[in-house]
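# What shape does this take:
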Amino acid sequence: MRGPCPAILSAPELDDVPGRVLQGAYWGVMSTRSAAQRRPLAGSPFSPPPVRAIEQYACDDRVTHDTHGVGRVVAREEAAVTVDFGSHQVRIASPYTKLTKL
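Here you go, the predicted structure:
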């Protein structure tokens, strides 16, 4: 039969254990890293896509939209632009993922 496990000690036996052992491997505080703090590996297929800078548009800028085609910015707000595509006007909210400046 084996002796007692060092991790399971009664209160009187704890007095005989040096303090560095109590604060070390057996009873020390372990820090954990959350998944948000980990850096992705270079070339990993699970890496987050790079953050695109939000392009700024001014009135009368010529733009193209993936769905609506070519148009001109007619109004600008803080978080949206209104684009005239000839037959209709569309208000497009930021981020402008389908809008490209010509």
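
# Angles on the backbone of the nearest residue to residue 84 once chain neighbours are set aside, please.
Counting by Cβ to Cβ, 6 or more residues apart in numbering, residue 84 lies nearest to residue 74, which is 4.7 Å off, once chain neighbours are set aside. No exception for glycine: its C-beta is placed from N, CA and C like everyone else's. Residue 74 adopts backbone torsions of phi -110, psi -20, taken as degrees, to the nearest 10.

# so how many other residues sit close to the nearest residue to residue 86 once chain neighbours are set aside?
Leaving out its chain neighbours, the residue that sits closest to residue 86 by Cβ to Cβ, 6+ apart is residue 71, at 7.0 Å. Per other Cβ atoms under 10 Å, the neighbour tally for residue 71 reads 24.

# Now do the SS call for residue 71.
strand (DSSP: H, G, I helix; E, B strand; the rest coil).

# and it, how far is that from residue 50?
Using Cβ to Cβ, to the nearest Å, residue 71 is found at 27 Å from residue 50.

# and what of residue 73?
Taking Cβ to Cβ, one finds residue 73 at 26 Å from residue 50.

# So between the two, which is more surrounded?
Neighbour count, other Cβ under 10 Å: between residue 73 and residue 50, residue 73 has more, with 19 against 6.

# What distance do you get for that one to residue 100?
Distance, residue 73 to residue 100, using Cβ to Cβ: 12 Å.

# Next, show the common contact partners of those two.
Shared contacts of residue 73 and residue 100, defined by Cβ atoms under 8 Å, 6 or more residues apart in numbering, comprise residue 63.

# picking that back up, and the residue nearest to residue 86, what does it touch?
62-65, 83-86, 90.

# Where do the strands of the chain begin and end?
In the chain, the segments counted as strands under DSSP state E are 62-65, 69-76, 80-84, 89-93, 99-101.

# for the chain, what are the low-confidence residue spans?
Scanning the chain for pLDDT under 70 picks out the ranges 1-37, 40.

# swap the cut-off to 80 and go again
Scanning the chain for pLDDT under 80 picks out 1-44, 46-52.

# Quick one: the helices in the protein, in order.
11-14, 19-22 (DSSP state H).
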